[in-house]
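Enquirer: Could you work out the structure for the sequence below:
(one chain, ligands or ions: 1)
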Amino acid sequence: MSRTLPSARIRQLRPTTVNRILDEARQLQAQGKPLVSLMRGQPDAPTPPHVVDAVERAVRAGRTGYPDNQGEPGLRQAVAEKLARDQELTYDPGREILVTDGATQGIALALGVLLEPGDEVLLPDPIYDAYQSPIALWGGRAVSVASSIRGSRFSFDRAALEASHTARSRVLLLNSPWNPVGTVLTRAELAEALDFAMAHDLWVISDEIYEALIYDGRQHVSPAQLSDDARQRTVLVNSLSKTYGMTGWRVGYCAAPANVIQALLLLMQQSSRGPATFVQDAAAVALRGDQQGVRQLTVEYQGRRDQVLTALQGIPGVAAMKPEGGLFVIADVRGLGLPCDEVRRRLLHDAGVVVIHGTAYGPGGEGTLRISFAAGGATLERGLEQLRAGLLRLAGDRSA
Ligand SMILES: Cc1ncc(COP(=O)(O)O)c(C=O)c1O
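Expert: Alright, predicted model coming up:
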C-alpha cells in the first residue's frame, strides 16, 4: 500500500501530556531509576464497597446483554435525580440524558455534534490538554481565552472572551472546577461567560467532572442553572470517575436539550453501545446511594491540598497557589528563572519526582508546575519531600 497512514485527520491527534510524560518516566524506571509520581488525576480512593457489591449482583443476575444505547432507564433516572438533588436542574431522563463511556466520550460527542469544519472552540488557557485532539478530529480550531492570575487565582473576564471571539466561534468550553488551575468559577463569573455566549449565540460545553472535589465550603454551579437560555445552550458533561473512585469503570453522562441528546446518541452509536449494562446498574447505585463517602473524600482531599501547600512554603522563587477545587496545586516557579518544562525535567531526572509543566496545558501555563494530590499517604509524603528538595536545589543553583 502506498497511501499514507494514518489519515490526515488522525495525524492531527496527539497523545495527552500525561501519557507522554508517563512514557518518559517508564523509560527512566526501566533504567532502574526510582520515581514518585505526583502527576496523575486518578483518585486513589477505591470504588465504594456497596457499588462493587452492586456490579457483582448485576453480573450474577445476568445483566450482561447489550445496554439501552441511550443508557439504561434506571441509570438515566438516577442521573436526573442527581441533577435535581445537587444542582436543582430538571432534565427528562427519557429525552434529555445520554449515558456515555466517561466524560472523555461525552466531550468528543458534543464537539462532533456542535462543530462544522472550521468552527472555533473558545477555551480558557491553560486548560486540560485532552480537549485539543477531539476538536481537531471534528475539523474545529481551538482558540485560547487568555486568563490571568488575580489574587493568587487564575480567572478570565469578558474582555478576554470578547478578544478571542470571531465570526467562526461556535462553542465555549468551560471546566469548573478547572483543571489544571483549581479555580471554581463563581456564579457571577459563569453569568458573565453565559452572557457572552448568549450575545454571540454560542453553545457551551460544561465539563463538570471535578464537581464534588470543592474546598473551603464553596459550591459547584453548573452554567445550566443560570437561566432557561443558559440551560438551552449548555451540554452538561459529567462522569462518575473522580467522585466515586470509578476512573476505570468508564461511565459518565451528558444532559442537554432533547434534539442535542438525539444527535449525540446517533454519533455515539457509530463507535459504541455505551458502558456495559452491569456497570450502568452499579453507577445508578453510586448516584442514588448515601453520599457521605463523597463528603469524606472531599475532606480528605482538602487535607492533602493543604499538605502540598505546606510542603512548598519557604522555597525561594516558588509560590504555591491554593486551589479552590480539583486534584492539583499549581506552583508558580517563575522565580526560578527557568522555563517550566526545564524545571519539570530537572525534577524528574535529578529529584526523581514526576509533575507536569504548566505549558502542557497551553501557553498561559508558562512559569507553573501542576502537582497532583490524587495519590495520598506515603506516596504524597515521599513525593513532596523529593519535590521540596529538588526545588530548593534549583533555587540554590539560581542564587549561587
Ligand atoms: C477536566 C477533565 N475532563 C475529563 C476527564 C476524563 O474523564 P473520564 O474519566 O470521565 O473520561 C479528565 C480526566 O482527568 C479531566 O481532568
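
Enquirer: Quick check: next helix or strand after the strand or helix carrying residue 235?
Expert: For residue 235, the host element (DSSP states H and E) is strand 234-239. Using DSSP H and E, the next helix or strand after strand 234-239 towards the C-terminus is strand 252-255.

Enquirer: Could you list every helix and strand that that next one packs against?
Expert: Packing contacts for strand 252-255, counted by 3 or more C-beta pairs under 8 Å, 6 or more residues apart in numbering; DSSP states H and E, involve helix 73-87, strand 97-100, helix 102-114, strand 234-239. Bear in mind the C-beta positions are built from the backbone N, C-alpha and C, glycine included.

Enquirer: would JSON lines of those with mean neighbour count and mean pLDDT be doable?
Expert: Shown next, in JSON lines, are the helices and strands packed on strand 252-255 (neighbours: other C-beta atoms under 10 Å; pLDDT from 0 to 100):
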{"stretch": "helix 73-87", "mean neighbour count": "20", "mean pLDDT": "98"}
{"stretch": "strand 97-100", "mean neighbour count": "27", "mean pLDDT": "98"}
{"stretch": "helix 102-114", "mean neighbour count": "24", "mean pLDDT": "98"}
{"stretch": "strand 234-239", "mean neighbour count": "27", "mean pLDDT": "98"}
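
Enquirer: Please produce JSON lines containing these, extended by distance to the ligand.
Expert: Shown next, in JSON lines, are these (distance: least, C-beta to the nearest ligand atom, whole Å):
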{"stretch": "helix 73-87", "distance to the ligand": "14"}
{"stretch": "strand 97-100", "distance to the ligand": "8"}
{"stretch": "helix 102-114", "distance to the ligand": "3"}
{"stretch": "strand 234-239", "distance to the ligand": "3"}
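
Enquirer: so which of these gets nearest residue 343?
Expert: Residue 343 lies closest to helix 102-114 among the helices and strands packed on strand 252-255, at 28.8 Å (C-beta to C-beta).

Enquirer: from the chain's centre, how far out does that closest one sit?
Expert: 13 Å (C-alpha atoms, centre = their mean, to the nearest Å).

Enquirer: same thing with stretch 315-323?
Expert: With C-alpha atoms, centre = their mean, you get 22 Å for stretch 315-323.

Enquirer: The ligand contacts on this structure?
Expert: Residues of the chain lying close to the ligand by C-beta under 6 Å from any ligand atom are 41, 102-104, 128, 175, 179, 207, 209, 239, 241, 247, 252.

Enquirer: cutoff 8 Å now
Expert: 18, 40-42, 101-107, 127-128, 130, 175, 179, 207, 209-210, 237-242, 247, 250-252, 326 (C-beta under 8 Å from any ligand atom).

Enquirer: And the pLDDT for residue 2?
Expert: For residue 2, the pLDDT comes out at 68.

Enquirer: Apart from its neighbours in sequence, what residue is nearest residue 16?
Expert: Once flanking residues are discounted, residue 16 sits nearest to residue 130: 4.7 Å by C-beta to C-beta, 6 or more residues apart in numbering.

Enquirer: Ignore what I typed, I meant residue 68.
Expert: residue 274 is the one closest to residue 68 (C-beta to C-beta, 6+ apart), at 7.6 Å.
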